[in-house]
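1. Here is the input, now give the coordinates:
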Amino acid sequence: MDLKLLQKILRMMSRGDVRELEIDDTEAGLRIHVRRGPGEGQGLAQQPQPVVQWMGGPPAMPAMPGAVGAVDAVGTAATGSAAGEAGEGGDDGEMPAGVEEFLSPMVGTFYSSPSPDADTFVSAGDTYGEDTVLCIIEAMKVMNEIKAESVGEIVELLVDNSEPVEFGQPLFLIKKR
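-> Take a look at the predicted model:
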């Protein structure tokens, strides 16, 4: 969700311009419902009662910088997916068996090549080694090379060049070997 949009919504809510608000972002797995004013059968005004629900489990968090996979609510590495367990994938946005997300280890700007006129570090179908640089993430004017830390193949690039990325955001789909 866009931070500026969220700030605008909060300002409108604080001014009292909005009586009821419902945000359902299934892509992020988030549902927010806020209602102001008298409730059913009540004559007194109520304070806003926000309801936040995560749909689909905890948000993805990397186990360590440059890690692949996610950390579940108790801090253990998540393995597999519903698609991998069922042996099918793609129909419901689930990944095929053996394909994992390579997550961003930091907040910053994603760069797919060392300079604007240079070739990209990796493309879909490329194989990589443990020390292969997959991309650069610029954070606070520092260019951070993000290395693979494993051996595998790039299945898909999920982020466009010069796009801002968040901590834990999927950058690539990979298949480890």
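2. Sketch out the low-pLDDT regions of this structure for me.
-> Residue ranges of the chain with pLDDT under 70: 1-2, 13-19, 28-30, 33-93.
3. Skip ahead from the longest helix anywhere in it and say which helix or strand is next.
-> Counting residues, the longest helix found in the chain (DSSP state H) is helix 3-15. Next along the chain after helix 3-15, taking DSSP states H and E as the criterion, comes strand 20-25.
4. where do the helices sit along this structure?
-> 3-15, 82-86.
5. list the buried ones in stretch 155-167?
-> The neighbour-count check on stretch 155-167 (16 or more other CB atoms under 10 Å) flags 155, 157, 158, 159, 165 as buried. Placement of C-beta: from N, CA and C, glycine included.
6. Just the closest of the residues you listed to residue 32, please.
-> Within the buried residues of stretch 155-167, the smallest distance to residue 32 is 23.3 Å, found for residue 165 (CB to CB).
7. mind checking how far the closest one is from residue 146?
-> As for residue 165, its distance to residue 146 is 10 Å (criterion: CB to CB, to the nearest Å).
8. what do you get for residue 96?
-> 24 Å.
9. Buried ones in stretch 145-154, by neighbour count?
-> For stretch 145-154, a neighbour-count test (16+ other CB under 10 Å) marks 146, 147, 148, 149, 150, 152, 153, 154 as buried.
10. Let me have those residues in TSV, adding distance to residue 169 as columns.
-> Below are the buried residues of stretch 145-154 laid out as TSV (distance: CB to CB, whole Å):
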residue	distance to residue 169
146	12
147	17
148	17
149	17
150	19
152	19
153	21
154	16
